[in-house]
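Provided below are the primary sequence and the corresponding predicted coordinates.
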Amino acid sequence: MKIAKKIAIALLVILVAMQFYRPEKNTASGDYITAFKADTKPDAQITQILENACYDCHSDHTEYPWYNNIAPVSYWIDHHVEEGKEHLDFSDWENYSLKKKDHKMDELIEEVEEGEMPLNEYTWTHGDARLTEEQKHLLMEWAKKVREGYQATGELE
Ligand code: HEC
C-alpha cells in the first residue's frame, strides 16, 4: 500500500507540474482561409462543413474546447493540430503548387469516402462534425469540380 501511495503522489505531482506547460495555440485572427476560398469556391454548405469538421486541424485557426486547458489533453490536441496541418493546411494553400493542390483534393475525396476524416477522436466530442452521407457526397462533388478546374488549366503535367 505504501508504495502505491507514493506512486499516486508522484503521479499527482507530475500532473500538476504538467499544467504549467501550455502548447502554443493555433489561433490566427483575420481571414486565415482567403486564398483557399478564392481558389476552390466552396458554397455556403461546403463552407459550413469545412468549418464544423476540418478547419480545427487543417488551418491556422482552431476553436479550442474548454478541456484544452487541462494537460495532458492540451498536448494531445496540440499534436493532432500539428500533424493535421503538416499533412494538409488550407491556410497555406497559396504556397501549394498546382500539382500539390490537386493531389490534396484527391486525398480529400479518398479520406471522406472512406470515412477516415474527420478523425473519430474528434467526432466523439464534436457531434456537428459527424458527416452525413449527403454531406460526404457534397464534399466529394465539390472536390471533384475543383480538380476538374485544375485539369482544365493544362498546367498539371
Ligand atoms: C482532429 C483533427 C482532424 C480533423 C478534425 C480533420 N483531420 Fe484530416 N488529418 C488529421 C491528421 C492528424 C492527419 C494526418 C494523419 C492521418 O492521415 O491520419 C490528417 C490527414 C488528412 C488528409 C491526408 C492528407 C495527405 O495528403 O496526407 C486529408 C485529405 C484530410 N486529413 C482531410 C480532412 C478533411 C476533409 C476533414 C474534414 C471533413 C478533416 N481532415 C478533419 C487530423 C484531422
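That came through fine.

What are the phi and psi values at Glu71?
I think there's a mix-up here, since residue 71 is Ala and not Glu. Ala71 adopts backbone torsions of phi -80, psi 140, taken as degrees, to the nearest 10.

just Thr27 next, same as before
Backbone phi and psi, for Thr27 under degrees, to the nearest 10, turn out to be phi -140, psi 70.

With Pro65 as the reference, measure out to it.
Thr27 sits 13 Å away from Pro65, taking Cβ to Cβ, to the nearest Å as the criterion. No exception for glycine: its C-beta is placed from N, CA and C like everyone else's.

Same question for Asp89.
Asp89 is 21 Å from Pro65, by Cβ to Cβ.

Roughly how far does Pro72 sit from Asp43?
Taking Cβ to Cβ, one finds Pro72 at 39 Å from Asp43.

tell me the contacts of the residue nearest the centre of the chain?
What sits nearest the mean C-alpha location of the chain, by Cα atoms, centre = their mean, is Cys57, with 2.0 Å. Residues near Cys57 by Cβ atoms under 8 Å, 6 or more residues apart in numbering: His80, Val81, Gly84, Lys85, Pro118, Leu119, Tyr122.

Quick one: neighbours of the closest residue in space to the fourth one that isn't next to it in sequence, just the number.
Yep, that's Lys85 we're talking about. Once flanking residues are discounted, Lys85 sits nearest to His58: 6.3 Å by Cβ to Cβ, 6 or more residues apart in numbering. Neighbour count for His58, taken as other Cβ atoms under 10 Å: 25.
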